[in-house]
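Peer 1: Predicted coordinates and the sequence they were generated for:
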Amino acid sequence: MTSTDTATTPEQIVGDLIDAVVPEDVQMLDVGQVADVLGVTDRAVLYALKDNRLSYVRTGKRGYRIPRAVLVDYLLESFIPRKLTAAEQQLAETQQAIEAAMLKLADLNERIAAAEAKLNQIGADTHPHRRRPTQAVA
């Protein structure tokens with residue numbers, strides 16, 4: 001287990017989870033130990049082995065051993081907070097891109113307003129006596 005009472009990284013959490021069921025010096029876990037770590041039945045672990053979701057070493061006709069490192073990788077790969085962190089990073093990058101685009105848009109709007117003002121000024125200078133048409137009041 002980790003030296004502190006609370007694990008903070010996915011690696012620490014996974015390590016603590018495995019260490020709670022299997023001693024640290026055990027490097028090859030049997031199906032029952034893996035089932036205990038995962039909180040599933042032995043049959044569910046066997047299905048995972050059959051579907052090649054977990055790598056294993058065959059020991060006899062019906063014997064399987066799963067290396068600790070394989071189980072650690074499996075758990076880290078399916079660790080939900082890690083995926084959320086990646087999604088949060090992507091969201092932050094998207095928000096930054098939106099902010100940059102909004103700044104560019106604001107700059108373009110300012111340029112357009114300045115250009116329209118300049119055009120209006122040029123139009124007023126070239127036709128000083130031209131009046132705007134008025135609307136009839138009913």
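Peer 2: Sure, I can see it.

Peer 1: Run the chain-centre distance for the longest strand seen in the chain.
Peer 2: When the chain is parsed with DSSP state E, its longest strand is strand 64-67. How far strand 64-67 lies from its chain's middle: 31 Å, per Cα atoms, centre = their mean, to the nearest Å.

Peer 1: Partner strands of that strand and their direction?
Peer 2: When pairing is defined by DSSP bridges, strand 64-67 lines up against strand 28-29 (antiparallel), strand 57-58 (antiparallel).

Peer 1: continuing past that strand, what's the next helix or strand?
Peer 2: Going down the chain from strand 64-67, the next helix or strand is helix 68-77, by DSSP states H and E.

Peer 1: Show the subsequent helix or strand relative to that next one.
Peer 2: helix 80-126.

Peer 1: okay, and for the protein, where does confidence drop off?
Peer 2: 1-7, 79-84, 126-138 (pLDDT under 70).

Peer 1: okay, now the domains of this structure?
Peer 2: Domains of the chain are assigned by automatic domain parsing as 10-77, 80-125.

Peer 1: wait, isn't residue 74 in contact with residue 54?
Peer 2: Yes: between residue 74 and residue 54 there is a contact under Cβ atoms under 8 Å: 5.7 Å. C-betas here are computed from N, CA, C, even on glycine.

Peer 1: Next, the buried residues of the longest strand of the chain.
Peer 2: For strand 64-67, burial by neighbour count (16 or more other Cβ atoms under 10 Å) applies to 64-66.

Peer 1: just curious, which of those residues is nearest to residue 30?
Peer 2: Nearest to residue 30 among the buried residues of strand 64-67 is residue 65, at 6.2 Å by Cβ to Cβ.

Peer 1: TSV please, covering the strands paired with strand 64-67 and showing distance to residue 14 and mean neighbour count.
Peer 2: TSV is the format used below for the strands paired with strand 64-67 (distance: least, Cβ to Cβ, whole Å; neighbours: other Cβ atoms under 10 Å):
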stretch	distance to residue 14	mean neighbour count
strand 28-29	13	19
strand 57-58	20	10
